[in-house]
Each structure stands twice: as structure tokens, then as C-alpha cells.
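Asker: here is my input; please provide its structure:
(chains A and B)
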Amino acid sequence: MLDIKFIRGNVDLIKQTCQQKHCTGVGIDKLLEIDDERRKLIKESEDIKAEKNKASEKIAQMQGDDKQVAIAEMKLVSEKEKEIDEKLQKIKEEFESLMLRVPMPYAPDTPEGKDESENVEIYTKGEIPTFDFELKDHMELMKLHDMVDIERGVKLSGARSYFLKNDGVLLEQAVLQYTFKKLVEKGFTPMSVPYMVDTDCLRGTGYFPGGEEDAYNMERDDKWLIATAEIPLTAYHKDEILTEEELPKTYAGMSTCFRREAGTYGKDTHGLYRIHQFNKVEQVIILPADTEKSDEWHEQILANAEEILKDLRLPYRKLHLCSGDLALGKYKSHDLECWMPSRDSYGETHSATSFKDFQARRLNLRYKDSNGKTKFCYTLNNTAIATPRLLISLLECNQNKDGSINIPEVLQEYMGKDKIG
RNA sequence: GGAGAGAUGGCAGAGUGGUCGAAUGCGGCGGUCUUGAAAACCGUUAGGCCGGCAACGGUCUCCAGGGUUCGAAUCCCUGUCUCUCCGCCA
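Answerer: Predicted coordinates for the structure are as follows:
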């Protein structure tokens, strides 16, 4: 959400942002009209309330007939008040619903582009492995070592469901544990989070409205399964006023993530690339409203993720997301993509995003600055690691001719061995 | 799942229809005193929205949403959450 005052003062910018980000469903002119009407009604409503309050004070001190007359008069005023408030209520709802759809203008250094095809590669790191034998994809490798069972996953729970088994589980746990430990050593607060949250959390983090179709809903209890630990972690301090001294908050959350993957039928159906349930270690930063500091943290959480990929010796590239690929609330975003030999391309494994105060406004997440002024926080987040998708790279890049898989050194202590098979 | 109690400012805790955004205590902040500190004393101490350059004015908020009333922290209804006891349970 944006500040309505900012919208009023930057109409052209907002309209242009709508276009660049392909935001449909919000008419800025319409919003401004509603805003005008809203403010007019607020004035009317408050004036009549002021009149009432004054009269009530007098009535309290009156006696006899005078009092009866005054009460009768006020009855009419009350009816009028009700009428105005009903109108105001409707307008407010309309206003809120439009406000939730106004996009955050993106960072000035964002590359212009229409969609993901125009994201800009900043650099690649690591060497793409070459094989002097016929390479196996992650599914072949995992089946060879009895690390996965998709058939029975599907039997029990439908498409995109799976079991990990044996070294498959152990390797996943190893990657998660190693990553989590790393972040804790860097000073992040380790967090385990609720996997079920209420609608406010999804709306507050910017997933709703818009993302309803991709989220699992438990209608009976009016709760949703989280799509990432970002949701509970960013919403953690919702409705709070923090102090500037306690910021930044740096959280590392580990959670399972649930995604319906609506509208992806037939896409990435092979293997463990696109599935309904996966595990992720997520970095979430809550800091004071300072763009420069936010940019620094953006770089820092990217660097953390890159450090992990370097430790795992995985080739990857860094992408700068273009304007057309930035979702409604995003100020700027960088993806990391790891090399996946079987796809003969890089595949997205990390996504770092800065929101400025977009999420904080929706979550009513504030802090008192050093002058005692209450402001909205800035928030950012980035993947630290997501499995099993990352295992695709890990397994495929480290395979040997005989089908055995080398375990990266940093994971060996967690696995108790240096090789699978 | 059954029975009961409760939800008030940063915290504790008064307040059962009118002058209550709300006593009092604690904490916080500022000051007096002091070489400094403590103690004591004095003052101050919520947030949102609307209007205004500002000073300031108005309005809303005592869990949430409805209702009764000229008027609600206070009465009624619904919901949420918390606590106690019983049952069930990893």
C-alpha cells in the first residue's frame, strides 16, 4: 500500500508504474475521485458528530421540557448522521479495495522491460560442469539411489506430490541445516513459524488480493497455508511500533511452503522442479525507512545467498528483474538461478525483494525514529535456500559416470559421508 | 468437546448510562535539588484520520463487528482471543 498523499502528488508516476508493471484492476483517476468524495463525507460526518457532542453536553445539564425538546431535535440529527455514515462506509470500502491495488513505483535503476524475458543478467559465477559421459537428470539419479518416490506421492495426494527417501531426505536436511546455521552465525534470529495464518497476513504481505488462487485455504477455520516463511516473519511485528534502536530485525525462518501452482498445468511436470510443497530457509529484514540502508541490506541478503551457493560449489547467475516482471508491491528484485544440467539452463532458486514501506503500511508495522516520530518500517526478504529444487542442481552437477554423487565438503559433516552411492 | 471467568493506556489496575481519552500506582521523558548519582519534589507521557504552512481545531479509538439511546468503557447480540476446571490427546 502507498500513502494516499503520495499518490495525489505523483499521479503521473503512479499511472506510468501501473503500465510498466501491467497492473490492471486499478484506475487511478477513479481512485482520486473516490478519495475526494471520501474526504468530503468525512468532513460532513465529523461536523455532524461535533454538533451532536456539543448538544449532548448541554442535554446532560438540562431539565424538564427544555430537555425533552432538545432530545427530540437530536433524534433527527442522529438519523442524518446514520445516513452519512452509511454512505461513508461504502466509499471507504471502495477506497481501501482500490488502494490495495496501487503498485509501488520501482527503483530508478530497474531495467525497463515487458516481462521476464527482458530480465537482465548481471553476471554468472562458477563454472558450468561438462561431462564426458551421458548425464543423468536428478530423477534418474534419485531413483538409482532410492532417494525419491513420486508415484506413491501422486497415489496419495495427486500431481506434484512426492516422498523423499533415504539420502534424499538426509541431503535435504543437510542443506537446510547448513544454511540455517550459517545465517544464525551471521546474527540472524532463528525462527520457526506458524504454517497456517489468517487472511490479514496474506493481504499484509501483498500476496492478496491477487494470489488467492495459488494459496491453500482451510475454509472451515478461515486460515491459509503459508507459501513462504516470509509471510509470518514479515507479519510478526504487525500492528506494533518498534523503536529505532531495535532495528534492523534480521530473521531467518525455516518452514515448509505450500503452493497450489494454479495455472501451471503442464509446466515443469518432470521431477522436483515445481511441486506443491517444499522447504525453505528465508531471510527477512525489517529496518527503518531509509532507502540507502534498504539497498545495503538488499545487497547483503543477496551476498548471503551467493555465499551459500559458493560453498556448495554451484554455478549460478544473478538477474536484475525488469519493470514488467516486478509484482505490485516490489521496489526491486534480483533472482539467483542455479545451473541445472538436465534443463541445460539456469533455474530460479532464489528471489531477493525490497518493498520499501509497501508491506509495512498494509501490516501497520511501524517504528519510532530518533526524533520520536512514528514511521512505517521498510521490509525485504530473500531466499537462503529452497529444497528440493536446489537438489536438482546439487545432484546433477555433482554426478559421476557411475551414477554416484559427490557431496560438497560443507555438507559432509551433516551427511556423515562424502559420496552417495 | 463440556463448565465457568475475563479482555481498559508501555505495564498494573479503577471505573456499571452524561462533564471519561479515561482515577491511581509503576515505568518512560524533562526539570528542581546535588560535585555527580540516588532519594524527594514539580511537570510531562497513546495512536489514527480530516482540515491547516503552522500554531491549532475537529473527529475516532476502553478486544472486534453490529444494536439500544439525544448520549455507551458502562446496557443487549454476535464473533475472536486469554485464563481456570473437566474430558480427550502428541
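Asker: spell out which parts of the stretch 301-421 of chain A neighbour RNA strand B.
Answerer: A:366, A:368, A:374 (CB under 7 Å from any atom of the strand). Just so you know, the C-beta spots here come from the backbone N, C-alpha and C atoms, and that holds for glycine as well.
Asker: inside strands: which ones of these?
Answerer: Among these, the residues falling in strands (DSSP state E) are A:366, A:368, A:374.
Asker: how about the longest helix belonging to chain A: buried residues?
Answerer: When chain A is parsed with DSSP state H, its longest helix is helix A:64-99. Within helix A:64-99, the residues scored as buried using 16 or more other CB atoms under 10 Å are A:74, A:81, A:84, A:85, A:88, A:91, A:95, A:98, A:99.
Asker: same thing with stretch A:361-373?
Answerer: A:361, A:362, A:363, A:365, A:366, A:367.
Asker: by contact count, what packs against the lowest-mean-pLDDT helix or strand in chain A?
Answerer: In chain A, no helix or strand scores lower on mean pLDDT, DSSP states H and E than strand A:241-243, which sits at a mean of 85. Packing partners of strand A:241-243 (3 or more CB pairs under 8 Å, 6 or more residues apart in numbering; DSSP states H and E): strand A:366-368.
Asker: and the residue of the stretch 101-250 of chain A nearest RNA strand B?
Answerer: RNA strand B sits closest to residue A:241 of the stretch 101-250 of chain A, with a gap of 6.4 Å, by CB to the nearest atom of the strand.
Asker: tell me the helix or strand right after the helix or strand encompassing residue A:6.
Answerer: If you go by DSSP states H and E, residue A:6 is part of helix A:4-9. Next helix or strand after helix A:4-9 toward the C-terminus (DSSP H and E): helix A:11-20.
Asker: and that next one, which residues are buried?
Answerer: In helix A:11-20, counting by 16+ other CB under 10 Å, buried: A:14, A:17, A:18, A:20.
Asker: who's the residue of the stretch 101-250 of chain A closest to RNA strand B bridged to?
Answerer: Here residue A:241 sits in beta bridges with residue A:366, going by DSSP bridges.
Asker: neighbours around it, how many?
Answerer: With neighbours defined by other CB atoms under 10 Å, the count for residue A:241 comes to 13.
Asker: now do residue A:246
Answerer: Look at residue A:246: counted by other CB under 10 Å, it has 10 neighbours.
Asker: do the same with residue A:398
Answerer: Using other CB under 10 Å: residue A:398 sits among 19 other residues.
Asker: try the one 4 residues further on
Answerer: The local packing count at residue A:402 equals 8, with neighbours defined by other CB under 10 Å.
Asker: quick one: mean pLDDT over the longest helix of chain A.
Answerer: Helix A:64-99 carries an average pLDDT of 89.
Asker: any part of it near RNA strand B?
Answerer: Yes. Under the criterion of CB under 7 Å from any atom of the strand, RNA strand B is reached by helix A:64-99 at A:71, A:74, A:75, A:77, A:78, A:89.
Asker: for those residues, which one is nearest residue A:260?
Answerer: residue A:89 (33.5 Å; CB to CB).
Asker: get me the contact residues on the stretch 151-300 of chain A for RNA strand B.
Answerer: Taking CB under 7 Å from any atom of the strand, the part of the stretch 151-300 of chain A that reaches RNA strand B is made up of residue A:241.
Asker: strands of the stretch 151-300 of chain A, start to end?
Answerer: Assigned by DSSP state E, counting those that start in this stretch, the strands in the stretch 151-300 of chain A fall at A:163-164, A:189-192, A:196-197, A:217-218, A:223-225, A:241-243, A:249-258, A:277-287.
Asker: return the member of the ones you listed having the minimum mean pLDDT.
Answerer: Note on those: lowest mean pLDDT is at strand A:241-243, with a mean of 85.
Asker: the one residue in the stretch 301-421 of chain A that gets nearest to RNA strand B - how many residues pack around it?
Answerer: Proximity of the stretch 301-421 of chain A to RNA strand B (CB to the nearest atom of the strand) peaks at residue A:374, 4.0 Å away. The number of residues packed near residue A:374 is 9, by other CB under 10 Å.
Asker: and chain A, what are its domain boundaries?
Answerer: Following automatic domain parsing, chain A resolves into domains at A:4-99, A:116-420.
Asker: okay, those domains, which one's buried deepest?
Answerer: Neighbour counts (mean count of other CB atoms under 10 Å) averaged over each of these peak at domain A:116-420, with a mean of 18.
Asker: straight-line length of stretch A:226-242, end to end?
Answerer: One end of stretch A:226-242 to the other measures 25 Å (CA to CA, to the nearest Å).
Asker: which ones are touching the residue of the stretch 301-421 of chain A closest to RNA strand B?
Answerer: In this structure, residue A:374 makes contact with A:241, A:366, A:367, A:368, judged by CB atoms under 8 Å, 6 or more residues apart in numbering.
Asker: now for those: which two are most distant?
Answerer: Most distant of the contacts of residue A:374, by CB to CB, are A:366 and A:368, 7.7 Å apart.
Asker: overlap in contacts, the two.
Answerer: Joint contacts of residue A:366 and residue A:368 (CB under 8 Å, 6+ apart) are A:241, A:242, A:374, A:375.
Asker: which residue comes closest to the second one once chain neighbours are left out?
Answerer: Distance criterion CB to CB, 6 or more residues apart in numbering; nearest residue to residue A:242, sequence neighbours excluded, is residue A:367 at 4.2 Å.
Asker: ok, what's across the strand from residue A:348?
Answerer: Listed beta-bridge partners, residue A:348: residue A:337 (assigned using DSSP bridges).
Asker: so for it, what's the pLDDT?
Answerer: 96.
Asker: OK, contacts around it?
Answerer: A:335, A:336, A:337.
Asker: hang on, the last one packs against residue A:316?
Answerer: This points to residue A:337. Yes. With contact defined as CB atoms under 8 Å, residue A:337 and residue A:316 form a contacting pair (6.0 Å).
Asker: and for these two, which residues touch both?
Answerer: A:346, A:349.
Asker: so what touches stretch A:398-408?
Answerer: Here stretch A:398-408 has contacts from A:131-133, A:135-136, A:141, A:144-145, A:171, A:174, A:311-313, A:394-395, A:415, A:417-421, using CB under 8 Å, 6+ apart.
Asker: quick one: terminal-to-terminal distance for that stretch?
Answerer: End to end - CA to CA - stretch A:398-408 spans 8 Å.
Asker: for it, what is the distance to the chain centroid?
Answerer: 35 Å (CA atoms, centre = their mean, to the nearest Å).
Asker: quick one: mean pLDDT for it?
Answerer: 97.
Asker: noted, bye for now.
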